[in-house]
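Asks: sequence first, then the predicted structure, then my questions.
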Amino acid sequence: MADQTLNAEGLNCPLPILRAKKAIKGMSSGQILEIRATDPGSVADFAAFCNQTGNALVSSSSEGDIYKFEIKVS
């Protein structure tokens, strides 16, 4: 279960990543941030973001035009 949810629907790259980065700064280690996005490029973007920042991409899924990501803060 997510500790915080970020709605990035309707935003294009790089805004979902920038908003997630800002949200993560206010979170504690071990907490989960759920992101909902509509940009198809966000799938690759969040995988790369987690590799670069050391946060864990716990899950990545899609439901129709909505992409959902869960990131565990390191």
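Replies: Looks like it came in fine. Residues are numbered from 1 along each chain as shown.
Asks: residue ranges in this structure under the pLDDT threshold?
Replies: Within the chain, the set of residues satisfying pLDDT under 70 is empty.
Asks: can you give me the helices for it?
Replies: For the chain, applying DSSP state H gives helices covering 15-25, 42-53.
Asks: would JSON lines of these with distance to Ser61 and mean neighbour count be doable?
Replies: Where C-beta positions appear, they are placed from N, C-alpha and C, glycine not excepted. Formatted as JSON lines, these follow (distance: least, CB to CB, whole Å; neighbours: other CB atoms under 10 Å):
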{"stretch": "helix 15-25", "distance to Ser61": "15", "mean neighbour count": "16"}
{"stretch": "helix 42-53", "distance to Ser61": "10", "mean neighbour count": "16"}
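Asks: can you redo those as TSV with distance to Ala2?
Replies: What follows is these, written out as TSV (distance: least, CB to CB, whole Å):
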stretch	distance to Ala2
helix 15-25	11
helix 42-53	14
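Asks: wait, Lys72 touches Gln31, no?
Replies: Yes: with contact defined as CB atoms under 8 Å, Lys72 and Gln31 form a contacting pair (7.5 Å).
Asks: which one's more surrounded, those two?
Replies: Lys72 (17 against 14; other CB atoms under 10 Å).
Asks: what sits against the most centrally placed residue in the chain?
Replies: Note on the chain: the residue nearest the mean C-alpha position is Ile35, at 4.3 Å, using CA atoms, centre = their mean. Shown in contact with Ile35 (CB atoms under 8 Å, 6 or more residues apart in numbering): 5-6, 8, 16, 20, 42, 46, 68-71.
Asks: what about 10 Å?
Replies: By CB atoms under 10 Å, 6 or more residues apart in numbering, Ile35 lies in contact with 2, 4-9, 16-17, 19-20, 23, 42, 46, 60, 67-71.
Asks: and if you look at Thr53?
Replies: 17, 20-21, 24, 71, 73-74.
Asks: adding distance to Gln52, write these out as TSV.
Replies: What follows is the contacts of Thr53, written out as TSV (distance: CB to CB, whole Å):
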residue	distance to Gln52
Ile17	10
Ala20	12
Lys21	10
Ile24	12
Ile71	12
Val73	14
Ser74	12
